[in-house]
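> Generate coordinates for the sequence data below:
(chains A and B)
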Amino acid sequence: MSQKEVFSSRWALLLAALGMAIGTGNIWRFPRIAAQNGGGAFIVAWIVFLFLWSLPLLISEFAIGKKTRRGPVGAFGKLLGEKFTWMGCFVAFCSTAIMFYYSVVTGWCFKYFAAAVSGGLAGVETMAYWTQFTTSVYEPILFHLLAMGVGAFVIYQGVVQGIERANKILIPSLFVLLVLAVVRALTLPGAANGLNFLFQPDWGSLTNYRVWLEALSQSAWSTGAGWGLILTYAVYLKEKEDIVVNSFVTVFGDYSASLLAGLAIFPAVFALAPALGLVPEEVMTYTGPASTGLTFIWIPQLFKGMAFGSAFTAIFFLALSFAALSSLIAMIELATRIFMDAGLTRKRALLIVAAGGFLLGVPSAVHVTFFENQDWTWGVGLMVSGFFVAFAAMKFGPAKFRSELVNTEGNDLNVGRWFDFLIKYVIPLEFLVLIGWWFYQSVTRFDVEGWWNPFHTYSLGTCVFQWGLAIGVFLIFNQWIYKKTVAK
Amino acid sequence: MSLTSIIMMIIVLSVIWGGFIFMLRVALRNESKKTAK
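Now for the predicted structure:
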C-alpha cells in the first residue's frame, strides 16, 4: 500500500511522538506514584523499565507500523496472518476505550485552566468545587465535547497540517510551561524539602516487589509503549526514516517531562502545605476520587497561598491541557486510521470516531464510578496490549524482526542481539509478573468480597468480562476484519 | 537537602536529560546531513 501522507521532517515526527507519549501520566500520575513508592528508589526502578519495557516495545511498534503501513488491526493481520488479526483489534480497542474517557479528562484540564484564568478558583473550597463540577452533569459533558472537538479538528487537517502543526505548538510550549513552573517552585522557601523527598533513595524499598511493579506500570502508562499509538504514527514515516534513535528520543523525552513535573510539584507542595496546616507527604500521596486528589484538589488549594499563585495555577493547568490534548490527538488518529485502513476517507472515518468517541465518553463524564471502572479495566488491559506487541515480534522471529524490520536503511543506530533477548524473555516475564500481581491484588486487596463480580468497579471479574467480551467479538468477526483491513 | 539526595538528583537528571539531549542531537544532526546530500 502506498502511503501518501508522511511526516514532513524528522523534527515534526519527533514532536508528534513526544506529544503521543507525554500526557497526564507525566504531570498527574508520576509525582503521586513516586511519592507513594519511596522517591529516589522508585526512580531507579522506573529508569530500569525504560530500558526493559518501554524502549523495546516502542522500537517494535515503530518497526511494525513502518513495515505494514497500517494501524494496529491491519498491522497484526499483515505481519502475522489472518488468525492473529484479533490481537491487533484488542490493541486498538484498548487505546480507543481509553480515548473515550481520556477526552473527559482532557475536558477537566480545559475546565480548570479556564477557571484559573477567570479567577473561578479563587476563594473557593477546592473539594467542594470539584464535587460541584463533576456532579453538574452538563459541564463535564460540555468540556468533554470541547476536548473531542478540538482533537477531531486537528485530525481532520491530516498528518502535516493537523498532527504536525498542533504538536509543533503544544510540545515546545509544554516544555516552556514546565520549566517556568519548575523555576517558580524551586524559588519558594522550603522547596529543598520537596527535592529531598523526591530524590532521597530508601534502598530498602527496592526489596519491595510493589515498588518495581508500580515503576513498570508507570513506565508503560507514561511512555505509551504497547498502546499501538506510535505504531499508528509510524505508518506516516518516510521510507528511509530511522527507528531506533527516534524511539530513544521518545522515551527519554517522556521521562524528562515527568522529571520536570516532579521538580515543579514536589518542591511546591513541600513549601506550601505546612502553612495550611497540611502534611506534605499526605498531600502528595492522596489519591482522591478518580485519582484526582493531588492535581485537582490540592494543587489549586496550595497555589493560592503564594505570590502570583493564580498565574502559576493557570500555567500548571495549561501545561496539563497541552499534555492531555497531544495524547488525545494520537488516540483519535489511531481509531481513525483503523477505519481508513478499511477504505474510508479520513473525513468519514473521523466522523465515526469523533461521534462515537463523544457518545461513549458521556457515561464517564457523568459518573465518576463508571470512569474509574473504565480506567481500571483498560489501564490494566494495556499490559495485555503491550504483551501482544512483543508477541508479534516474537512470532515473526526476534532475530528476523530485528534484522528485517528494525535495523533498516536510514537508521542512525542499529540494535544488537540484546533486543531479541528482551522481546523473547524479559517482556513476557514482566507481563506475567505484572498481570499476576494485579490479579492477586484485586483478589486480596482491591475488592476482596466481590473480586469475581463483573459489575464491581475494581474487580478482577470486570476486567475479564470486558476483555473477554471484546476478544470474543473480535474472534467472531476476525476473518471479516482481516478481509476489510488487509486483504482488500 | 542531604548529600545523597543531591548526588541522586545529579545522576538521574544526567542520565535522563543527558540522554534526551544527546539522542535529540544525534537525530537532528543526521537529519541535516541527509538533507544536505
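
> how about A:Met87, what does it touch?
By CB atoms under 8 Å, 6 or more residues apart in numbering or on different chains, the contact list for A:Met87 reads A:76, A:80, A:388, A:391-392. Yep, even glycine has a C-beta here, placed from its N, CA and C like the rest.

> Residues contacting stretch B:12-28, please?
A:10-11, A:14, A:40, A:43, A:47, A:199, A:242, A:245-246, A:248-249, A:252-253, A:255-256, A:259, A:412-413.

> could you give me the average pLDDT of that stretch?
The average pLDDT within stretch B:12-28 is 96.

> tell me how far that stretch is from the chain's mean position?
2 Å (CA atoms, centre = their mean, to the nearest Å).

> Now the closest residue to A:Ile98 other than its chain neighbours: which helix or strand?
Nearest residue to A:Ile98 in three dimensions, chain neighbours excluded: A:Trp378, at 5.0 Å (CB to CB, 6 or more residues apart in numbering or on different chains). Per DSSP states H and E: A:Trp378 is located in helix A:368-396.

> buried residues in that helix?
For helix A:368-396, a neighbour-count test (16 or more other CB atoms under 10 Å in any protein chain shown) marks A:368, A:370-396 as buried.

> Give me the packing partners of it, helices and strands only.
Here helix A:368-396 touches helix A:55-68, helix A:72-80, helix A:85-118, helix A:209-223, helix A:346-366, helix A:427-441, helix A:460-476, going by 3 or more CB pairs under 8 Å, 6 or more residues apart in numbering or on different chains; DSSP states H and E.

> okay, the angle between the third one and helix A:72-80?
When axes from the mean of the first three to the mean of the last three CA atoms, to 10 degrees is applied, the directions of helix A:85-118 and helix A:72-80 differ by 150 degrees.

> So which bits of the stretch 251-400 of chain A are right by chain B?
Within reach of chain B by CB under 8 Å from any CB of the partner chain, the stretch 251-400 of chain A has these residues: A:252-253, A:255-256, A:259.

> Include pLDDT when you put the residues you listed into TSV, please.
Formatted as TSV, those follow (pLDDT from 0 to 100):
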residue	pLDDT
A:Phe252	98
A:Gly253	98
A:Tyr255	98
A:Ser256	98
A:Leu259	97
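
> Which of the residues you listed sits closest to chain B?
Using CB to the nearest CB, A:Phe252 is the member of those that lies nearest chain B, at 3.7 Å.

> dump the residue contacts of that closest one.
Taking CB under 8 Å, 6+ apart, we find A:Phe252 in contact with A:50, B:16-17, B:19-20, B:23.

> Which helix or strand contains the residue most central in space within chain B?
By CA atoms, centre = their mean, chain B has its centre lying nearest to B:Gly18, at 2.2 Å. Using DSSP H and E, B:Gly18 sits within helix B:3-36.

> List the buried residues for that helix?
Quick answer for helix B:3-36 (16+ other CB under 10 Å): B:5, B:8-9, B:11-12, B:16-17, B:19-20, B:23-24, B:26-28, B:30-31.

> How about stretch A:440-454?
So, applying 16+ other CB under 10 Å, buried residues of stretch A:440-454: A:441-442, A:446-447, A:450-451, A:454.

> For the stretch 201-350 of chain A, which residues score under the pLDDT cut-off?
Along the stretch 201-350 of chain A, segments meeting pLDDT under 70 span A:290.

> how about the helices of it, start to end?
A:209-223, A:229-234, A:244-272, A:280-285, A:299-303, A:309-341, A:346-366 (DSSP state H, counting those that start in this stretch).

> So which of these is nearest A:Pro189?
helix A:244-272 (6.2 Å; CB to CB).

> ok, how many other residues are close to A:Leu475?
14 (other CB atoms under 10 Å in any protein chain shown).

> Which positions in the stretch 51-200 of chain A make contact with chain B?
Residues of the stretch 51-200 of chain A lying near chain B (CB under 8 Å from any CB): A:192-193, A:195-196, A:198-200.

> Out of these, which sit inside helices?
Among those, the ones falling in helices (DSSP state H) are A:192-193, A:195-196, A:198-199.

> and which of these is nearest to A:Thr96?
The closest of these, once distances to A:Thr96 are taken by CB to CB, is A:Leu198, at 34.5 Å.

> residues in contact with the closest one?
If you count contacts by CB under 8 Å, 6+ apart, then A:Leu198 has A:34-35, A:39-40, A:43, A:262-263, A:266, B:5, B:9 around it.

> Skipping its backbone neighbours, what lies nearest it in space?
Nearest residue to A:Leu198 in three dimensions, chain neighbours excluded: A:Phe266, at 4.4 Å (CB to CB, 6+ apart).

> Distance-wise, check the one you found relative to A:Ala185.
Distance, A:Phe266 to A:Ala185, by CB to CB, to the nearest Å: 8 Å.

> hey, what's in contact with both of these two?
Contact with both A:Phe266 and A:Ala185 is made by residues A:Gly194, according to CB under 8 Å, 6+ apart.

> and A:Met331, how far is that from chain B?
For A:Met331, the distance to chain B equals 24 Å [CB to the nearest CB, to the nearest Å].

> Backbone dihedrals for whatever residue of the stretch 351-488 of chain A ends up closest to chain B, please?
Here the residue of the stretch 351-488 of chain A nearest chain B is A:Asp412; by CB to the nearest CB that distance is 4.8 Å. With angles defined as degrees, to the nearest 10, A:Asp412 sits at phi -90, psi -20.

> quick revisit: out of the ones in helices among the residues of the stretch 51-200 of chain A next to chain B, which are buried?
A:192-193, A:195-196, A:198-199.

> out of these, which one sits closest to A:Lys347?
A:Leu198 (46.5 Å).

> hang on, the earlier thing: using JSON lines, lay out the helices and strands packed on helix A:368-396 together with distance to A:Phe296.
Formatted as JSON lines, those follow (distance: least, CB to CB, whole Å):
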{"stretch": "helix A:55-68", "distance to A:Phe296": "30"}
{"stretch": "helix A:72-80", "distance to A:Phe296": "32"}
{"stretch": "helix A:85-118", "distance to A:Phe296": "6"}
{"stretch": "helix A:209-223", "distance to A:Phe296": "18"}
{"stretch": "helix A:346-366", "distance to A:Phe296": "15"}
{"stretch": "helix A:427-441", "distance to A:Phe296": "25"}
{"stretch": "helix A:460-476", "distance to A:Phe296": "25"}
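
> Please name whichever of those is nearest to A:Ile163.
Here helix A:346-366 is closest among these (CB to CB), at 11.5 Å.

> Would you mark the buried spots in that closest one?
Those would be A:346, A:349-351, A:353-354, A:357-358, A:360-366, for helix A:346-366 by 16+ other CB under 10 Å.

> Out of those residues, the closest to A:Gly309 would be?
Of the buried residues of helix A:346-366, the one sitting nearest to A:Gly309 (CB to CB) turns out to be A:Ala365, at 28.7 Å.

> Counting neighbours, what do you get for A:Trp203?
11.

> Who are the contact partners of it?
A:Ala41.
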